[in-house]
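>>> this one's sequence-less:
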């Protein structure tokens with residue numbers, strides 16, 4: 001089981017439902033040597049990606065996925081480059 005930083009118990013109240021599900025799956029499905037950070041500031045502008053997944057070198061490296069909490073009813077249209085949310089379409 002991967003290690004989530006901060007622990008799920010201390011950050012679950014700030015997570016959306018989708019972020020919580022992704023965090024739970026990453027924690028459960030990844031091996032013990034993975035580290036997961038939730039909402040950690042990164043880069044010179046201190047942007048906060050949803051997750052940062054780190055596997056120690058020299059193996060797999062770093063992944064910074066962005067989780068979107070969409071439901072089918074909220075998607076107005078999509079193509080290979082864009083997804084338009086109903087709220088943005090109006």
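Sure, I can see it. Just so it is clear, the model here is predicted, and its values are computed rather than measured.

>>> What is the subsequent helix or strand relative to the longest helix anywhere in the chain?
For the chain, the longest helix by residue count, based on DSSP state H, is helix 17-29. On the C-terminal side of helix 17-29, the closest following helix or strand by DSSP states H and E is strand 35-38.

>>> contact partners of that next one?
2-6, 11, 15, 19, 23, 26-27, 30, 50-55 (CB atoms under 8 Å, 6 or more residues apart in numbering). Yep, even glycine has a C-beta here, placed from its N, CA and C like the rest.

>>> Am I right that residue 67 is in a helix?
No - counting by DSSP: H, G, I helix; E, B strand; the rest coil, residue 67 is located in no helix; its state is coil.

>>> what about it, distance to residue 22?
Distance, residue 67 to residue 22, by CB to CB, to the nearest Å: 5 Å.

>>> what is in contact with those two at once?
50-51.

>>> which of those two has more neighbours?
Remark: of residue 67 and residue 22, residue 22 carries more neighbours, 19 against 16, as counted by other CB atoms under 10 Å.

>>> Which positions within stretch 27-45 qualify as buried?
27, 30, 34, 36-38, 40 (16 or more other CB atoms under 10 Å).

>>> Below-threshold pLDDT in the protein: ranges please.
69-70, 72, 74-77, 82-90 (pLDDT under 70).

>>> what do you get if the cut-off is 50, keeping everything else the same?
Along the chain, segments meeting pLDDT under 50 span 89-90.

>>> Please work out which residues outside the longest helix of the chain touch it.
So helix 17-29 is contacted by 1-4, 8, 12, 15, 34, 36, 38, 50-51, 53, 65, 67-69 (CB under 8 Å, 6+ apart).
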